[in-house]
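*Asks:* here is the input, now give the coordinates:
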Amino acid sequence: KGIYKTELLQEGINIMWFTNRSDEGVIYHKYFNPIPVRAIVLVLTAIECCIDEWMQGLKEDIKFTSATYGVVYNTHLGSLQCFDERTAAYKLVDKMCTNLHNTARCVTVISLTLVF
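*Replies:* Numbers count the residues shown, from 1 in each chain. Prediction:
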């Protein structure tokens, strides 16, 4: 699909900021439209932490702190910035951020509709 087109990324954004009407992505809409690059990097870092927790085949609790995952976060940030620079003519990162937001908002609306 593409380097940043994993369903885990969208699911992480949906669960973290758009699950219900009282979540930050809904309440503070102007800060999440489009999804900030640093929010994407945070989700990618959390995904990597989850993978690390299962590295040995059994779940091992790993603290998700800046001390343990700051370097990972900065690596993901650098990679995404580099990707943005190299694809600037196509505005792929801008489109990705907008699409992640629009999909998350759509999921929120659908889940709210199903509740009522």
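*Asks:* all helices of the protein, in order?
*Replies:* Along the chain, the segments classed as helices by DSSP state H run 7-17, 24-27, 29-32, 37-53, 66-86, 92-115.
*Asks:* mean pLDDT lowest where, among those?
*Replies:* When the helices of the chain are compared by mean pLDDT, helix 92-115 comes last with a mean of 84.
*Asks:* that older thread, columns distance to Glu60 and mean neighbour count on top of the helices of the chain, output as a markdown table?
*Replies:* From N, CA and C alone the C-beta is placed, and that goes for glycine too. Compiled in a markdown table, the helices of the chain are given as follows (distance: least, Cβ to Cβ, whole Å; neighbours: other Cβ atoms under 10 Å):
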| stretch | distance to Glu60 | mean neighbour count |
| --- | --- | --- |
| helix 7-17 | 20 | 17 |
| helix 24-27 | 29 | 16 |
| helix 29-32 | 32 | 12 |
| helix 37-53 | 6 | 17 |
| helix 66-86 | 12 | 14 |
| helix 92-115 | 30 | 15 |
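*Asks:* tell me the phi and psi of the closest residue in space to Leu100 that isn't next to it in sequence?
*Replies:* Once flanking residues are discounted, Leu100 sits nearest to Ile35: 4.4 Å by Cβ to Cβ, 6 or more residues apart in numbering. Backbone torsions for Ile35, taken as degrees, to the nearest 10, come to phi -60, psi 130.
*Asks:* so Ile35 sits right up against Cys97, yeah?
*Replies:* Yes: using Cβ atoms under 8 Å, Ile35 is in contact with Cys97, at 4.8 Å.
*Asks:* contacting residues around the residue nearest to Leu100?
*Replies:* Residues in contact with Ile35 (Cβ atoms under 8 Å, 6 or more residues apart in numbering) are Ile13, Cys97, Thr98, Leu100, His101, Ala104.
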